[in-house]
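Asker: Sequence isn't available, so here's the structure alone:
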């Protein structure tokens, strides 16, 4: 999941670790709840729902890993180093080629621009010994891919469930399976030439690799204090729990609108579409703990279950929604009016940042994708 815009999946997966963070504060400028919720923001704790479910749940599919060539991957035959199809092909039926090849063929582009761009973006040919671009020591991390396209696309478009056969130029026919269509929607969602997408974003991205910091600490290269300082830098404190709870309760609870979280805390990023949440009160105290947001008079301890969609392998059949759960514990800090003004995390596992992205308008080179997509819903 490699970085293109600020949201690319050069944000990857990392496992949470146990512990009890003492970070507690009001949100900073990057964590203002209005950044994700907008002006229609209910901030009083007692007026917020403790449960919510999005009307549009994120569908599951591949994040189209970079190390297999993104959507230029022939997933039905497990091939990414294939030769280009000849430009004089005619009268043939194609169903086992890559999503990128299928779209190029369907619109008669026998120079295969989507395949070419994907190979350039992923640099996949640097990993192929027979390729003139081969670089012996070049490695692609397995978590690089198109999660930044998949997560918002799965919330913006209905789930393609039917295969679609298209008559292509030169008397060819092309069959798009559900995962082919999803791959193209995912690709177009993050397409650098797309200017119709708008993004709302809260939080900061952490660039620290905690596992490497731990290795350095174990070797004596840095102290435990230096480790904690790097781990708890402003960017690595992650989304303020007050902001996160307000986003869950306002967007999913009040409006039934999902959003995306990077569910991993450090430099690796997995963008996951959130489908629902459920919170329960564990404790509350009528005082402010040390370091709480200015104006805090009460703190409420919550346990919140967050259900989100996960990635799968591509399929010729409908996949639907495959879900997983994270449980977060945190304190919310309330002022004398009962408004949420900050918070602190208890669980070490917490979302790095949150965002939502609008659906792209089908135009330009990908305007024909709209009809393929709509036919997959019929």
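Answerer: Received the coordinates, thanks. Just so we're clear, the structure is a prediction, and the values are computed from it rather than from any experiment.
Asker: Return the residue spatially closest to the residue nearest to the spatial centre of the chain, with its sequence-adjacent residues excluded.
Answerer: Among the residues of the chain, the one closest to the centroid is residue 271, at 2.1 Å (Cα atoms, centre = their mean). The shortest distance from residue 271 to any non-neighbouring residue, by Cβ to Cβ, 6 or more residues apart in numbering, is to residue 151 (4.0 Å). Placement of C-beta: from N, CA and C, glycine included.
Asker: Give me the residues contacting the helix or strand where the one you found lies.
Answerer: Per DSSP states H and E, residue 151 falls inside helix 147-156. Helix 147-156 is contacted from outside by 1, 4-5, 7-9, 11, 54, 56, 58-64, 182, 185-190, 258-260, 269-273, 309, 311, 355-359, using Cβ atoms under 8 Å, 6 or more residues apart in numbering.
Asker: what do you get if the cut-off is 7 Å, keeping everything else the same?
Answerer: 1, 7-9, 56, 58-59, 61, 63, 185-187, 189-190, 258, 260, 270-273, 309, 356-357, 359 (Cβ atoms under 7 Å, 6 or more residues apart in numbering).
Asker: likewise stretch 111-127?
Answerer: Residues contacting stretch 111-127 (Cβ under 7 Å, 6+ apart): 66, 69-72, 80, 84, 98, 100-101, 103-104, 131, 133-135, 138, 140.
Asker: now it, how far from the centre of its chain.
Answerer: 22 Å (Cα atoms, centre = their mean, to the nearest Å).
Asker: Likewise for stretch 110-120?
Answerer: 24 Å.
Asker: can you check stretch 310-321 too?
Answerer: The answer for stretch 310-321 is 16 Å, by Cα atoms, centre = their mean.
Asker: same thing with stretch 132-139?
Answerer: 28 Å.
Asker: Can you give me the end-to-end span of that stretch?
Answerer: 16 Å (Cα to Cα, to the nearest Å).
Asker: now swap in stretch 336-350 and tell me
Answerer: 27 Å.
Asker: just the strands in the stretch 201-350 of the chain please.
Answerer: Along the stretch 201-350 of the chain, counting by DSSP state E, counting those that start in this stretch, strands occupy 260-262, 271-285, 298-309, 323-334, 340-345.
Asker: which one of these has the most crowded surroundings?
Answerer: With neighbours defined as mean count of other Cβ atoms under 10 Å, the strands of the stretch 201-350 of the chain peak in mean count at strand 260-262, which reaches a mean of 28.
Asker: all helices of the stretch 101-250 of the chain, in order?
Answerer: Using DSSP state H, counting those that start in this stretch, the helices of the stretch 101-250 of the chain run over residues 113-122, 147-156, 178-189, 210-218, 224-231, 241-247.
Asker: Adding mean neighbour count, mean pLDDT and distance to residue 366, write those out as CSV.
Answerer: Formatted as CSV, the helices of the stretch 101-250 of the chain follow (neighbours: other Cβ atoms under 10 Å; pLDDT from 0 to 100; distance: least, Cβ to Cβ, whole Å):
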stretch, mean neighbour count, mean pLDDT, distance to residue 366
helix 113-122, 20, 97, 9
helix 147-156, 28, 96, 12
helix 178-189, 27, 97, 5
helix 210-218, 15, 73, 38
helix 224-231, 14, 74, 41
helix 241-247, 28, 96, 30
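Asker: Now render the ones you listed as a markdown table, adding distance to residue 291.
Answerer: Below are the helices of the stretch 101-250 of the chain laid out as a markdown table (distance: least, Cβ to Cβ, whole Å):
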| stretch | distance to residue 291 |
| --- | --- |
| helix 113-122 | 44 |
| helix 147-156 | 33 |
| helix 178-189 | 40 |
| helix 210-218 | 23 |
| helix 224-231 | 15 |
| helix 241-247 | 14 |
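Asker: Flag the shaky bits of the chain, pLDDT-wise.
Answerer: 1-26, 205, 207-208, 210-211, 213, 229, 234-238, 266-267 (pLDDT under 70).
Asker: and residue 133, what does it touch?
Answerer: 125-126.
Asker: next one: the one 5 residues further on
Answerer: Taking Cβ under 7 Å, 6+ apart as the criterion, residue 138 is in contact with 126-127.
Asker: From residue 196, how far off is it?
Answerer: 34 Å (Cβ to Cβ, to the nearest Å).
Asker: ok, now residue 140?
Answerer: 30 Å.
Asker: Residue 358 now?
Answerer: In terms of Cβ to Cβ, residue 358 sits 8 Å off from residue 196.
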